[in-house]
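1. Based on what follows, work out the 3D shape:
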Amino acid sequence: MNKLLIWGAGGHGKVVLDVVRAQATFTDIVFIDDGARISCGDFQGCRIVGDRTELTRLRALGYTHFVVAIGCNDVRAKCFRAAFEAGIEPATFIHPAAAVSRCATIAAGTVVMAKAVINAASVVGTNCIVNSGAIVEHDCILADHVHVAPGVVLGGGVGIGAYSLVGLNSSVLPGTEIGERAIVGAGTVVLANVAPGDTVVGAPARSLRQLATTDR
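-> Numbering: from 1, shown residues only. Now for the predicted structure:
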């Protein structure tokens with residue numbers, strides 16, 4: 001198992017590649033990228049071999065595992081499904097400088113960046129990002145396709161719904177629930193549950209829906 005496909009040759013792809021190299025499980029690494037600005041060539045010492053149309057060919061060439069290096073949850077999820085349906089298996093990566101409890105569960109396709117902490121009895125779903133320096137305290141539950149940005153602090157027992165984004169340096173009070181497809185803005189302090197699909201900002205957090213109503 002030494003051939004890996006990374007989907008996404010952008011800024012996040014550079015960071016994911018560093019995690020992959022630090023874990024040192026794969027020695028043959030290639031990129032694909034659907035962006036028109038990307039042409040086949042070199043990317044951080046790896047080849048860019050094309051776009052999603054190359055999935056079947058790469059599987060035949062022995063690229064048995066993949067990881068999606070795209071920050072947007074919806075796009076990352078679509079790419080994840082496409083690669084999986086092409087018969088390529090998702091790989092999970094945890095940077096050696098991350099601290100992950102032996103009692104935590106990390107699902108397939110998730111990347112845990114350097115200096116992140118995932119404490120006891122927490123569960124992180126499929127195809128998630130736990131970014132640099134984020135803290136996921138004990139008994140947290142992160143559903144599939146979640147992005148926890150750099151510097152986030154999730155108190156114990158926090159629940160994060162699928163496709164949600166918790167933004168840079170935000171904090172979430174223990175026991176709080178963040179609904180599916182919610183967005184927590186950068187620097188936000190969440191003291192109460194966030195409804196599915198809502199966006200909250202500020203300290204303490206306020207719903208943008210509520211702020212829009214107040215401003216009328």
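
2. Residue ranges in the protein under the pLDDT threshold?
-> Within the chain, the ranges that satisfy pLDDT under 70 run 1, 36-40, 211-216.

3. just the helices in it please.
-> The residue ranges that make up the helices of the chain, judged by DSSP state H, are 11-23, 55-60, 73-85, 208-214.

4. Report the buried residues of the first one.
-> When burial is assessed from 16 or more other CB atoms under 10 Å, helix 11-23 yields the following buried residues: 12-13, 15-17, 19-21. (Each C-beta comes from the backbone N, C-alpha and C, glycine too.)

5. ok, of those residues, which one's closest to Ala162?
-> The shortest gap between Ala162 and any of the buried residues of helix 11-23 belongs to His12, at 19.4 Å (CB to CB).

6. so what's that closest one up against?
-> Counting by CB atoms under 8 Å, 6 or more residues apart in numbering, His12 touches 69-71, 129.

7. Compare those residues and tell me which has the most neighbours.
-> Neighbour counts for the contacts of His12 were taken using other CB atoms under 10 Å; the highest belongs to Ile129, with 30 neighbours.

8. Setting aside sequence neighbours, what's the nearest residue to it?
-> Spatial nearest neighbour of Ile129, excluding adjacent residues (CB to CB, 6 or more residues apart in numbering): His147 at 4.6 Å.

9. thinking that neighbour is in contact with Gly125, fair?
-> No: look at His147 against Gly125 with CB atoms under 8 Å: they stay out of range, at 11.4 Å.

10. So for these two, which residue has more residues nearby?
-> Neighbours per residue (other CB under 10 Å) separate His147 from Gly125, with His147 holding more: 25 against 19.

11. tell me the contacts of the closest residue to Asn169 other than its chain neighbours?
-> Closest residue to Asn169 apart from its sequence neighbours, by CB to CB, 6+ apart: Gly151 at 4.1 Å. Taking CB under 8 Å, 6+ apart, we find Gly151 in contact with 132-134, 168-169.

12. what do you get if the cut-off is 10 Å, keeping everything else the same?
-> Gly151 makes contact with 115, 131-135, 167-171, 186-187, according to CB atoms under 10 Å, 6 or more residues apart in numbering.

13. what do you get for Tyr163?
-> 72-74, 76-77, 143-147, 180-183, 196-197.

14. same deal with Ala77?
-> For Ala77, the set of contacting residues under the criterion of CB under 10 Å, 6+ apart consists of 68, 70, 109, 126-127, 144-145, 162-163.

15. domains of the protein?
-> Domain ranges of the chain: 3-91, 92-216, per automatic domain parsing.

16. what's the most buried one of those?
-> Of all the domains of the chain, domain 92-216 carries the top mean neighbour count, a mean of 19, counting by mean count of other CB atoms under 10 Å.

17. what residue is smack in the middle of the chain?
-> Centroid-nearest residue in the chain, with CA atoms, centre = their mean: Ile129, separated by 1.9 Å.

18. how much space between that one and Ala195?
-> For Ile129, the distance to Ala195 (CB to CB, to the nearest Å) stands at 23 Å.

19. repeat for Ile178
-> In this structure, Ile178 lies at 9 Å from Ala195, with CB to CB as the measure.

20. For the two, list the residues in contact with both.
-> Here Ile178 and Ala195 have Gly161 as joint contacts, going by CB under 10 Å, 6+ apart.

21. coming back round to it: let me have the buried residues of helix 11-23 in TSV, extended by distance to Val30.
-> TSV is the format used below for the buried residues of helix 11-23 (distance: CB to CB, whole Å):
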residue	distance to Val30
His12	17
Gly13	12
Val15	17
Val16	13
Leu17	11
Val19	16
Val20	11
Arg21	14
